[in-house]
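Student: Task: produce atomic coordinates for the following.
(one chain, ligands or ions: 1)
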Amino acid sequence: MNSQVVTNPEDIARLYRELSLFPSLSRADVGPVVTSQYGGKYSNIYTEWSQRDLDRNENVNFCRQYIVFHDDKSVVYSGASGNCTEIKGELQSKDSPSGDMKAVVRECTIKGEDKQFLEIWSKNIKMKSINLTALKKHGKVYEDDQFGCLVWSHSETHLLYVAERKRPKAKSFFQSESPELSSIGDEEETVRREEKETVKGEQFVFHEDWGEGLVGKSCPVLCVLDIEGDNVSVLEGVPDNISPGQAFWAPGDTGVVFVGWLHEPFRLGLKFCPNRSSSLYYVDLTGGKCEQLTSGTSAVSSPRLSPDQCRIVYLECAVFGPHMQCSRLCMFDWYTKKTSVVVDMVNRPGEDGFTGIYSSQLSRQCWSADSQRVIISCPQRSRKDLLMVDTSTGSVTSLTSKSDVGSWCLLNIERDLMVVSCSSPNCPPRLRVGFLPPRDSQEEVVWVTLEDSQILPEIDWQILTFTPPPEQDNSQYPGLDFEALLIKPKEVKDGVKLPLIVTPHGGPHSVFVADWFLYSSVLCRMGFAVLMVNYRGSTGYGQDNILSLPGNVGTQDVKDVQFAVESVLKGDEFDMQKVAVSGGSHGGFLACHLIGQYPGFYKACVSRNPVTNLASMIGSTDIPDWCMVEAGFDYTTDCLPDPAVWEQMLNKSPIRYVTQVQTPVLLTLGEDDKRVPSKQGIEYYRALQAKKVPVRLLWYPGNNHSLSKVDAESDGFMNIALWIIQHLWK
Ligand SMILES: CC(=O)N[C@@H](C)C(=O)N[C@@H](C)C(=O)O
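Tutor: Predicted coordinates:
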């Protein structure tokens, strides 16, 4: 049969290099309004981007600024001001509210040692550079999205950030005092103090951290820099049993509001798991008095203060249960101290099409200028839309559902000027701005493109909807449907049938939205069709859809994927003999299940850090609760191994079907994966070797669960492409 697939490794690498050039947007800040000498008003937009540099083998971050002339309601003129500049060594940065100053947390290596500095810039001068490492008030500054922040006080006199608690130096009982240390002269006093603070016998004590993606982050503390006095202090009063983060200054700078995650009896992984017991707190600056603002019976995140400083919106969901769920948008009134639910969980989407809120993070700024509305970018079925929530009525309006762009992401909103990144499977990220229309107006947003990107004419995409056959309907949650994204080459030569790569997502409570995907676009340009399946259990379709899966993993999700594949294959566009399956994590779990439950159907399988045995994973992952919940059991932190539960976990795992596997399997494993430890993949690898099924294992040192380091990602892609080609054209 004819084929139009690119098979030459050099050509594949060329395509990968070409498409990996497209950068993604990571941040945008809107500067203050300036009136020009001719009376026109404008604001500067500062943007940060990230791009893979295959030659340097790193992701490079760069910034570019734009100027937007406007009349507070619409954009009059806009354009880039200057070229891109690479950003090096900046862990965090933030302009002061007036735009007069900028704070930067910088990491640099001096004489082989890593140091962190907090810099204050004013106009073209670096006013201060405070050596945080030398100050020894705390450990490393947190730069992550989970805990990290860098916030100017409203008065612009103080900065708030999160760092690891200072840990006393530990040494052995047998280490002698070093004579050269006690004779350093000027530093003698410091050295003496350090010697005194050093603890013996603590060298090998285990310090639990917050798991995957947060390795080494264990005891965060809130830190404040008094800019004038050059003084850093660690805030007191935060209860001992919680870890603080996502902090900001309370109205009037009287104290700090933050999210506190309960870390007792032990820490559980936080990445992709916003379902961890947490509350909003307020700690007073003077007395260190700490107040809990929310109930403490739920999981909260992303508190955002309104511009009038009267209300805080935040996201809330249940503790434990599915790792990602439909969230509630809640509001805390600063003056009445009352909380209310603005947008409740959606069990089943109604006529209006709103399916619920599925973000674990609100954008840094999300309020309209009138402090009445909140903008949220959020999956809605297989699209990511911008939703406008009226906080007085709770009404939700989509600002983007009518557009043909698949994914909209709010980077910032300031004085109603929204800055967004939008993309589709055939279009890399674009930067756009638009004013939010006034409340109660029927106007549509007029989007202006600041940075365009070309549509790739070779790529076609569509969203397919599937209704499971009656025998596969879920009796507890009947009538649910699901979707898939189909990405395929636009031009297909006469007589050619397309090979198909089936990709179920991980999680399992996650979703593929119609975004730009590097792997899928390269595979499509190579001549493959890619089917990305949002089986029942995905987010974006209502809470019932999510709840339908726990207890049914390994059956319902597997059957949904197979049903989607067989439905697609009924058309005559695809080659039934050339179907491969590829997935990561829970998607890898599904890939391994599919080759075990449908022997010989898939001609090649690729599995990244797959869950292969829930029973053996529970003892080694950072999210043991996930194994129990997905197998259909409730989790409590004091639960002990139970043979009946283990049996169920084993029975629902791909390893149970490994003896039936005929498909050649490529495993890609990250040595430092805390989420699905690499031993899961190795367990499956050995079982396949024993059965003499072709298997190849790629081992990526220095990589965690995402295998996202530039070389792991590019090497992984080449190996995946070549493995599929090798086994589809055997
Ligand atoms: C909650 C979680 O991390 N589950 C993993 C088993 C998983 O499937 N992760 C997904 C999100 C991934 O793609 O890594």
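
Student: CA only for contacts and neighbour counts going forward, please
Tutor: Will do.

Student: ok so Ala644 is a helix residue?
Tutor: Yes: assigned with DSSP: H, G, I helix; E, B strand; the rest coil, Ala644 falls within a helix.

Student: just use 702 as the starting number from now, easier for me
Tutor: OK, 702 is where the count begins now, so the last one is Ala1345.

Student: neighbours of it, just the number please.
Tutor: 9 (other Cα atoms under 10 Å).

Student: now do the one 5 residues further on
Tutor: When neighbours are defined as other Cα under 10 Å, Met1350 has 24 of them.

Student: ok, and for the helix or strand encompassing it, which residues are buried?
Tutor: Here Met1350, judged by DSSP states H and E, is contained in helix 1344-1352. For helix 1344-1352, burial by neighbour count (16 or more other Cα atoms under 10 Å) applies to Trp1347, Gln1349, Met1350, Leu1351, Asn1352.

Student: which of the residues you listed sit farthest apart?
Tutor: Trp1347 and Asn1352 (8.5 Å; Cα to Cα).

Student: Would you confirm that Ile1188 belongs to a helix?
Tutor: No: counting by three-state DSSP, Ile1188 is not part of a helix but strand.

Student: so who does it touch?
Tutor: Counting by Cα atoms under 8 Å, 6 or more residues apart in numbering, Ile1188 makes contact with Pro1126, Ile1160, Asp1161, Trp1162, Gln1163, Ser1221, Ser1222, Cys1225, Ala1230, Val1231, Leu1232.

Student: quick one: the strands in the stretch 1252-1401 of the chain?
Tutor: Assigned by DSSP state E, counting those that start in this stretch, the strands in the stretch 1252-1401 of the chain fall at 1275-1285, 1305-1309, 1366-1371, 1396-1401.

Student: buried ones in stretch 1350-1363?
Tutor: Neighbour counts over stretch 1350-1363 (16+ other Cα under 10 Å) mark Met1350, Leu1351, Asn1352, Lys1353, Ser1354, Pro1355, Ile1356, Tyr1358, Val1359, Gln1361, Val1362, Gln1363 as buried.

Student: Where does pLDDT dip in this structure?
Tutor: 702, 878-892, 894 (pLDDT under 70).

Student: The residue nearest the centre of it: what's it in contact with?
Tutor: The chain has Phe973 as the residue nearest its centroid, 7.0 Å off, counting by Cα atoms, centre = their mean. Neighbouring residues of Phe973 by Cα under 8 Å, 6+ apart: His1024, Met1025, Gly1208.

Student: On the three-state scheme, it is what?
Tutor: coil.

Student: Quickly note the distance from it to Ser1060.
Tutor: 10 Å (Cα to Cα, to the nearest Å).

Student: neighbours of whichever residue of the stretch 802-951 of the chain sits closest to the ligand, just the number please.
Tutor: Residue of the stretch 802-951 of the chain nearest the ligand, by Cα to the nearest ligand atom: Glu913 (8.4 Å). By other Cα under 10 Å, the residues close to Glu913 number 23.

Student: can you tell me which residues contact it?
Tutor: Neighbour list for Glu913: Gly970, Leu971, Lys972, Asp1323, Asp1374, Lys1375, Arg1376, Asn1405, His1406 [criterion: Cα under 8 Å, 6+ apart].

Student: ok, the nearest residue to the second one once chain neighbours are set aside - how many residues close by?
Tutor: The one in question is Leu971. By the measure of Cα to Cα, 6 or more residues apart in numbering, the closest residue to Leu971 outside its immediate chain neighbours is Trp911, 6.3 Å from it. Close neighbours of Trp911, defined as other Cα under 10 Å, add up to 22.

Student: which helices and strands does the helix holding Met1350 pack with?
Tutor: Contacting helix 1344-1352 under the criterion 3 or more Cα pairs under 8 Å, 6 or more residues apart in numbering; DSSP states H and E are the following elements: helix 1315-1318, helix 1325-1332.

Student: How about it and the ligand, any contact?
Tutor: No: looking at helix 1344-1352 against the ligand by Cα under 6 Å from any ligand atom, there are no contacts, and the closest approach is 13.8 Å.

Student: starting at the chain centroid, how far to that helix?
Tutor: Distance, stretch centre to chain centre, for helix 1344-1352: 31 Å (Cα atoms, centre = their mean, to the nearest Å).

Student: relative to helix 1325-1332, how tilted is it?
Tutor: 80 degrees (axes from the mean of the first three to the mean of the last three Cα atoms, to 10 degrees).

Student: Residues contacting helix 1344-1352, please?
Tutor: Looking at what lies outside helix 1344-1352 - Cα under 8 Å, 6+ apart - the contacts are Asn1314, Leu1315, Ala1316, Cys1328, Met1329, Ala1332, Phe1334, Arg1357.

Student: Would you quantify the distance from the first one to the ligand?
Tutor: Spelled out, that is Asn1314. Separation of Asn1314 from the ligand (Cα to the nearest ligand atom, to the nearest Å): 11 Å.

Student: what residues does the stretch 1002-1151 of the chain put near the ligand?
Tutor: Counting by Cα under 6 Å from any ligand atom, the stretch 1002-1151 of the chain comes close to the ligand at His1024.

Student: how much space between the residue of the stretch 952-1101 of the chain found nearest the ligand and Met1025?
Tutor: Closest contact between the stretch 952-1101 of the chain and the ligand, by Cα to the nearest ligand atom, is at Phe973 (5.1 Å). For Phe973, the distance to Met1025 (Cα to Cα) stands at 7 Å.

Student: Helices along the chain, start to end?
Tutor: Secondary structure of the chain by DSSP state H: the helices cover 710-720, 833-836, 889-898, 1219-1227, 1244-1248, 1257-1271, 1287-1298, 1315-1318, 1325-1332, 1344-1352, 1380-1391, 1411-1429.

Student: Highest mean neighbour count out of those?
Tutor: Stretch with highest mean neighbour count among the helices of the chain: helix 1287-1298 (a mean of 28; mean count of other Cα atoms under 10 Å).

Student: Stretch 1208-1216 and the ligand, are they touching?
Tutor: Yes: Stretch 1208-1216 reaches the ligand (Cα under 6 Å from any ligand atom) through Gly1208, Pro1209.

Student: Name the residues that touch that stretch?
Tutor: The contact list for stretch 1208-1216 (Cα under 8 Å, 6+ apart) reads 973, 1023-1026, 1080, 1082-1085, 1107-1108, 1124-1126, 1186, 1206, 1233-1235, 1238-1241, 1247, 1286-1288.

Student: Just the buried residues of stretch 961-970, please?
Tutor: In stretch 961-970, counting by 16+ other Cα under 10 Å, buried: Gly961, Trp962, Leu963, His964, Arg968, Leu969, Gly970.
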